[in-house]
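1. 3D model of this:
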Amino acid sequence: MIEQLVEQIEARFADVQRELSDPDVFGDRHRAAEAGRTFRQLEVAAKLAEQWREAVSDEAEARAMLDEGEDAEVREMLGDARAQIERLEEEIRLAMVQRDPLDEKSVIVEVRGGAGGDEAGLWAGDVVRMLSKYAERLRLTVELLEATDGAYTFAIKGDGAYSIFKFEGGTHRVQRVPETESQGRTHTSTATVAVLPEAEEVDVQIDQSDLQIDVYRSSGPGGQSVNTTDSAVRITHRPSGIVVSMQDEKSQLQNRERAMRVLRARLYDAALAEQQAEVAADRRSQVGTGERAEKIRTYNYSQRRVTDHRINFTVHNLDDVLEGQLDEFTAALQSDEKRRALELQAATPSS
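-> Predicted coordinates:
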């Protein structure tokens, strides 16, 4: 079984390498991009397959040496080779789990203060900063779309953004002493994060007759006028009841374009959630399946501890995490997602 999988990986990887060296493919931007994506997806599996071949060869060599006479050192070598083969087989299977087709997309992130009053609004801002720092560390582009009263909407653009930030969707809980707390008591506050794959126009067809578009004058804190033109835009999608407002840009056209991007993402996410709910409950770990309201992570200031409750994973470097060092969480969550997908794949009868 594993031998066949290794042969498939080697054959497919050789094919895509030939494609990338083909001038016809290189000259076709779409084909070149597709071949490049396939190469990146197979590269890890191909390296693991090569290591597996070497481990199998080592095992055969140790077994032949053992046949010639009893030797403790050779027995140890054989045991090491077998352990290496077993580990590599699992890693190869995980590497070949079918990727979520949305993983390559950019995302739109919505962060809102939850329970905890003013402190929740402050915490929402901290979460936005943490996620933005993480995106910047990964050399992805962050674009703020809207920021009003503890509610933030921003885009993270770049290949593979969804594969990373989809794990941040949910309720982020903080336990800390607010600056306004005179008696030093710890308060618990929350911020909710929604991560939506950014949809292109081809992904979501919107009938313009279904939209109600209102324009009004932008206003700042306390009702102070930001400008004297009707540049703010509110778009209502009548069939779904989704309402999106944008006012941060001075241009009505820019605010409308931003509002349409968010509306497309919300409609796309809603359609995906409906499809996923129909398919199976095994996809619950992904954004858009109704689990956003659940507490996914707790940030405890007094103990400098951060715990992800989905995989029971804890680190004690709170300051680093708040500076956007979320790599450990992403890696652990991606491994968990792959294992779940592999278990589902094994449990699903082949047609």
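2. got the CA coordinates for the one helix or strand Arg18 maps to in PDB?
-> If you go by DSSP states H and E, Arg18 is part of helix 2-20. The C-alpha coordinates for helix 2-20 follow below in PDB (Å, rounded to 0.1, in the frame of the first residue of the first chain):
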ATOM      1  CA  ILE A   2       2.700   2.500   1.000                       C
ATOM      2  CA  GLU A   3       4.900   1.300  -1.800                       C
ATOM      3  CA  GLN A   4       2.100   2.300  -4.300                       C
ATOM      4  CA  LEU A   5       1.700   5.700  -2.700                       C
ATOM      5  CA  VAL A   6       5.400   6.400  -2.800                       C
ATOM      6  CA  GLU A   7       5.500   5.400  -6.500                       C
ATOM      7  CA  GLN A   8       2.500   7.800  -7.200                       C
ATOM      8  CA  ILE A   9       4.300  10.600  -5.400                       C
ATOM      9  CA  GLU A  10       7.500  10.000  -7.300                       C
ATOM     10  CA  ALA A  11       5.700   9.800 -10.700                       C
ATOM     11  CA  ARG A  12       3.600  12.900 -10.100                       C
ATOM     12  CA  PHE A  13       6.600  14.900  -8.800                       C
ATOM     13  CA  ALA A  14       8.600  14.000 -11.900                       C
ATOM     14  CA  ASP A  15       5.700  15.000 -14.100                       C
ATOM     15  CA  VAL A  16       5.400  18.400 -12.600                       C
ATOM     16  CA  GLN A  17       9.100  19.000 -12.700                       C
ATOM     17  CA  ARG A  18       9.000  18.300 -16.400                       C
ATOM     18  CA  GLU A  19       6.100  20.700 -16.800                       C
ATOM     19  CA  LEU A  20       8.000  23.500 -15.000                       C
END
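3. where does Ala81 land on pLDDT?
-> With respect to pLDDT, Ala81 scores 87.
4. Please report how far the residue lying closest to it once chain neighbours are set aside lies from Ile85.
-> Spatial nearest neighbour of Ala81, excluding adjacent residues (Cβ to Cβ, 6 or more residues apart in numbering): Glu59 at 3.9 Å. No exception for glycine: its C-beta is placed from N, CA and C like everyone else's. Distance from Glu59 to Ile85, counting by Cβ to Cβ, to the nearest Å: 6 Å.
5. quick one on the thing from earlier: can you report how many residues lie near the residue nearest to Ala81?
-> Residue neighbour count, defined by other Cβ atoms under 10 Å, stands at 18 for Glu59.
6. Over to Arg173?
-> Per other Cβ under 10 Å, the neighbour tally for Arg173 reads 21.
7. what helix or strand is it on?
-> With DSSP H and E as criterion, Arg173 is part of strand 170-176.
8. Next, the buried residues of that strand.
-> In terms of neighbour count (16 or more other Cβ atoms under 10 Å), strand 170-176 has its buried residues at 170-174, 176.
9. list the buried ones in the helix or strand that that strand is followed by?
-> As assigned by DSSP H and E, the chain's next helix or strand after strand 170-176 is strand 187-197. For strand 187-197, burial by neighbour count (16+ other Cβ under 10 Å) applies to 187, 189-197.
10. Now these in a markdown table, please, with extra columns for pLDDT and distance to Ala273.
-> Output for the buried residues of strand 187-197, formatted as a markdown table (pLDDT from 0 to 100; distance: Cβ to Cβ, whole Å):
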| residue | pLDDT | distance to Ala273 |
| --- | --- | --- |
| His187 | 89 | 32 |
| Ser189 | 90 | 27 |
| Thr190 | 92 | 21 |
| Ala191 | 92 | 21 |
| Thr192 | 92 | 16 |
| Val193 | 93 | 16 |
| Ala194 | 90 | 11 |
| Val195 | 91 | 12 |
| Leu196 | 89 | 10 |
| Pro197 | 87 | 11 |
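11. Would you format those as JSON lines with distance to Val315 included?
-> Shown next, in JSON lines, are those (distance: Cβ to Cβ, whole Å):
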{"residue": "His187", "distance to Val315": "22"}
{"residue": "Ser189", "distance to Val315": "20"}
{"residue": "Thr190", "distance to Val315": "20"}
{"residue": "Ala191", "distance to Val315": "19"}
{"residue": "Thr192", "distance to Val315": "22"}
{"residue": "Val193", "distance to Val315": "19"}
{"residue": "Ala194", "distance to Val315": "24"}
{"residue": "Val195", "distance to Val315": "21"}
{"residue": "Leu196", "distance to Val315": "27"}
{"residue": "Pro197", "distance to Val315": "27"}
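12. and which of these is nearest Lys133?
-> Val193 (14.7 Å; Cβ to Cβ).
13. Quick check: the gap between that closest one and Asp15.
-> Counting by Cβ to Cβ, the gap from Val193 to Asp15 is 40 Å.
14. Next: Glu34.
-> From Glu34 to Asp15 the distance is 13 Å (Cβ to Cβ).
15. my guess is Val195 meets Ile164, correct?
-> No - counting by Cβ atoms under 8 Å, no contact exists between Val195 and Ile164, whose distance comes to 9.6 Å.
16. List the residue ranges of the protein that fall below the pLDDT cut-off.
-> Low-confidence regions of the chain, defined by pLDDT under 70, span residues 67-70, 97-99, 201-202, 219-229, 275-294, 344-351.
17. which residues in it form strands?
-> 107-113, 141-148, 151-157, 170-176, 187-197, 211-216, 232-237, 242-246, 295-300, 305-308, 313-315 (DSSP state E).
18. Okay then, goodbye and thanks.
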